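Asks: Any chance you could fold what I've pasted below:
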Amino acid sequence: MLELVKAGGWPMIPLLLLSALGLAIIVERLWTLRRKVVLPPGLGREVREWAARGKLDPTHINSLRANSPLGALLASALDVRSRPRDEIRERVEDVGRHIAHRMERFLNALGTIAAAGPLLGLFGTVVGMIQMFLGVMDHGVGDVNQLAGGIGKALVCAATGMIVAVPALWAHRYFRARIDGYIVDMEHEAIQLMDVIDPRARRAAAAVASAVDEHQA
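Replies: Take a look at the predicted model:
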């Protein structure tokens, strides 16, 4: 590996730096975007039970807000639970945009690495070819070592650029898809909570339940 790095020359330095940065971002996002951290199991049901029993004191809501991204979203709905449903929905959407932005942290940098890797590899290829042609000008076409060195540098840099770009691109798409899935799940939990805290929804549910009981009787 060290020999390949030496063969690539100084254009390998930015490629190696991009590789290290991309790896650090991937590890950090894998740790931060774990499902049990973003969407703790059973949290939505627990909050709906709080709301149904009226246990919505500020201490509960503040602890919920600090619990997880899902907790912060549900807490935003509970903060304005006495307002009309449309206003609750607006607050949830506003907080949801901020939560999504935080979950997408570093993803733009990861996408930049995926795009810049091949370009830097191409740059290293051009540098290697230039050195090869300069060697031909100085020593003629008979110096096989000079030609091999320039071609080798070009190929090593091109391959390294692709090696850097492919994992970064895969991780970027993977994290985007994971975040989109989390957002859909959080929206579902928020809607279920709004159904619990909305007086009109509670009255409608009670009326339906009463009608079902009468029909069964």
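Asks: can you map out the helices along the protein?
Replies: For the chain, the helices defined by DSSP state H occupy 2-8, 12-32, 35-38, 43-53, 58-65, 69-79, 85-103, 107-139, 144-197, 199-216.
Asks: Can you say which of the ones you listed is packed in most?
Replies: helix 69-79 (a mean of 22; mean count of other CB atoms under 10 Å). Bear in mind the C-beta positions are built from the backbone N, C-alpha and C, glycine included.
Asks: Can you show me the CA trace of that one as PDB?
Replies: Output of helix 69-79 as PDB, limited to C-alpha atoms (Å, rounded to 0.1, in the frame of the first residue of the first chain):
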ATOM      1  CA  PRO A  69     -35.400  13.700  17.700                       C
ATOM      2  CA  LEU A  70     -38.700  12.000  17.900                       C
ATOM      3  CA  GLY A  71     -39.200  13.200  21.400                       C
ATOM      4  CA  ALA A  72     -38.400  16.800  20.300                       C
ATOM      5  CA  LEU A  73     -41.000  16.600  17.600                       C
ATOM      6  CA  LEU A  74     -43.700  15.200  19.900                       C
ATOM      7  CA  ALA A  75     -42.800  17.800  22.600                       C
ATOM      8  CA  SER A  76     -43.300  20.600  20.000                       C
ATOM      9  CA  ALA A  77     -46.900  19.300  19.500                       C
ATOM     10  CA  LEU A  78     -47.500  19.200  23.300                       C
ATOM     11  CA  ASP A  79     -46.200  22.700  23.700                       C
END
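Asks: could you give the angle of that helix to helix 43-53?
Replies: With axes from the mean of the first three to the mean of the last three CA atoms, to 10 degrees defining the directions, helix 69-79 sits at 20 degrees from helix 43-53.
Asks: can you give me the offset of helix 69-79 from its chain's centre?
Replies: Remark: helix 69-79 is offset 20 Å from the chain centroid, using CA atoms, centre = their mean, to the nearest Å.
Asks: by how many degrees do it and helix 12-32 diverge?
Replies: 50 degrees.
Asks: tell me the mean pLDDT over helix 69-79?
Replies: Mean pLDDT, computed over helix 69-79, is 92.
Asks: For that helix, name the packing helices and strands.
Replies: Other helices and strands packing on helix 69-79, by 3 or more CB pairs under 8 Å, 6 or more residues apart in numbering; DSSP states H and E, are helix 43-53, helix 58-65, helix 85-103, helix 144-197.
Asks: list the helices and strands the last one packs on?
Replies: Counting contacts by 3+ CB pairs under 8 Å, 6+ apart, helix 144-197 packs against helix 2-8, helix 12-32, helix 43-53, helix 69-79, helix 85-103, helix 107-139, helix 199-216.
Asks: All set, thanks.
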